[in-house]
Structure formats: structure tokens, C-alpha cells
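1. sequence and computational prediction follow.
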Amino acid sequence: MASSSSQVAIVTGGNSGMGMGLVRKLVEKGWKVAVADINENKTFADELGGASSFHKCNVADYDRSEMFQQVWDKYGRIDALCANAGIVDKSSIFIFEYRNSDKIPPKPDLLTTDVDYKGVVYGTQLAIHFMRKNQTPGGKIIATASVAAVVPHEAYPEYAGAKAAVVNFVRATARILKRFLEDDTLYGRVVECSADKHFFLEPPTLANGRVSKRAVTVWDPLFKM
């Protein structure tokens, strides 16, 4: 297995929407991109040519570890994971159709949580494993969240909760993992991308100072576990 001379990124959900934009930008910058998606897009693959490869995967399933192995076997390195795949609510927690009904509503479809949040956690762990095997150990992990993570979208409450979970997961792991694609001094930051402007959003402060802060202070035995 020969290692690629170009940096290699995995972009989940790379065959549609924002994912396509991420893939195009990385290719423009000279990266090799592994497009990881549940759906193939042959037109897009033809556009990208040899700069990309398609790897079918379901990010909600940890068994997509096979996809990471395929990328490693093909390129001999993984330098970045753009955990971008996302969907919106597949059922309504408001169950309006069951108003005035004695029938118990069906279990909610929580696929959005599986894709948007659990998919990021799974991908992060798998990326850590493979990035440690790089010739120079390390890499970058970037997660796509949403403005709904900061200001909840009432039409998509599960989506808002899952994306808020992504934001706090990144902040909670950042001091150890340190993730940001092009600037090593920036990590664990939430960036609001609005039209052509970018803003860093800071974590909220706790109202009761150090008394409240004790609840989120690292306890060494637990951290070691």
C-alpha cells in the first residue's frame, strides 16, 4: 500500500447539498477526497475525476468502520474527517394526529439522532483510530452543526437537539482532540457561517460562577476511565 502524496479527507454526506460544496473546495485545494454517502452520485463523481472516490456507508451504523478501512487501504492515510451527513426529523414529537385519541402513538422515528449525532460520535472514534496510524500521527475532525443548535428550530425539535449535542460534543472533546482544518490554533470552536460572513460563537457562561462550574470540572479518575 503506497501512501498518497496528497492529503486525504473523508466527507460524509458528500454527494448532496453542503457536502458537495465541501468536497469541491477540498479538491480545489489539492486534497484527495473520499466521498462517504448512502447514495452514489455518478455525475458528481465524473466531475471530480481521479481526485475523489466513492464509499457507500450509513453513518448511523458503527459497522461503517469498513468504509474507513477502505479509505485507508486505498490512500494509506486519513488526514481529515468532515462529519457532515445530516437529516431532519422523520416523525413529529408533537403527534398532532393523536389529539383526542385513546390510542398510544407509535414510537418516534429517531433516525435523525442516529445520523446527526451518533454518526458524529462514531465517526470521531473511527477517525481517531486511523489517524493515529498516519506516518505523522494526527489529523483534523470537523463536524457540521446548524444554526438550530444555537437557536432551536421549532419545526425540527429532534434535529435541533441532535445538532446541539454535536456542538457540545465538539467542545467537550476539543482540548484533547484539537480540531480545525486549516489553523492549529483554533479548535473546539463553533463558527456561525452566514452568507459571506463568519462569526465565532462562545460557550454560554454559568450564572452562579465557580459554584456552578464545579459540575463540569474534570474529575481525574473519571477522565482516566
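-> Everything's here; your move. Residues are numbered from 1 along each chain as shown.

2. only C-alpha atoms for contact and neighbour calcs from this point on.
-> Fine.

3. now the longest helix along the chain: mean pLDDT?
-> Criterion DSSP state H: the longest helix present in the chain is helix 157-177. Helix 157-177 carries an average pLDDT of 91.

4. what does stretch 71-88 give?
-> 97.

5. picking that back up, which residues touch the longest helix of the chain?
-> Residues from elsewhere that reach helix 157-177 (C-alpha atoms under 8 Å, 6 or more residues apart in numbering): 87-89, 93, 110, 112-113, 116-117, 120, 143, 145-146, 148-150, 152-153, 187-190.

6. could you find the closest non-adjacent residue to Glu192?
-> Nearest non-adjacent residue to Glu192, counting by C-alpha to C-alpha, 6 or more residues apart in numbering: Phe199, 5.0 Å away.

7. tell me if I am right that the one you found is in a strand.
-> Yes. Counting by DSSP: H, G, I helix; E, B strand; the rest coil, Phe199 is located in a strand.

8. quick one: the helices in this protein, in order.
-> Under DSSP H, the chain gives helices at 17-28, 42-48, 65-75, 111-113, 119-131, 157-177, 209-213, 220-224.

9. counting contacts, what elements does the third one pack onto?
-> Applying 3 or more C-alpha pairs under 8 Å, 6 or more residues apart in numbering; DSSP states H and E, one finds that helix 65-75 contacts strand 52-56, helix 119-131.

10. and the angle from that helix to helix 119-131?
-> What separates the directions of helix 65-75 and helix 119-131 is an angle of 40 degrees, with axes from the mean of the first three to the mean of the last three C-alpha atoms, to 10 degrees.

11. of the helices of the chain, which approaches Ser4 most closely?
-> Nearest of the helices of the chain to Ser4, taken as C-alpha to C-alpha: helix 65-75 at 5.1 Å.

12. who touches that closest one?
-> Helix 65-75 is contacted from outside by 1-4, 8, 34, 36, 55-57, 77-78, 126-127, 130, using C-alpha under 8 Å, 6+ apart.

13. residue ranges with poor pLDDT in the chain?
-> For the chain, the stretches with pLDDT under 70 are 1-2, 178-184, 218-220, 222-225.

14. taking the centroid of it, which residue is nearest it?
-> Ala83 (2.7 Å; C-alpha atoms, centre = their mean).

15. report the beta-bridge partner residues of that one.
-> Ala143 (DSSP bridges).

16. and it, what is it in contact with?
-> Going by C-alpha under 8 Å, 6+ apart, Ala83 touches Val11, Thr12, Gly13, Gly119, Val120, Gly123, Ile141, Ile142, Ala143, Thr144.

17. I'd guessed Val115 sits against Val59; true?
-> Yes. Between Val115 and Val59 there is a contact at 6.0 Å, judged by C-alpha atoms under 8 Å.

18. of these two, who's got more company?
-> Val59 (29 against 23; other C-alpha atoms under 10 Å).
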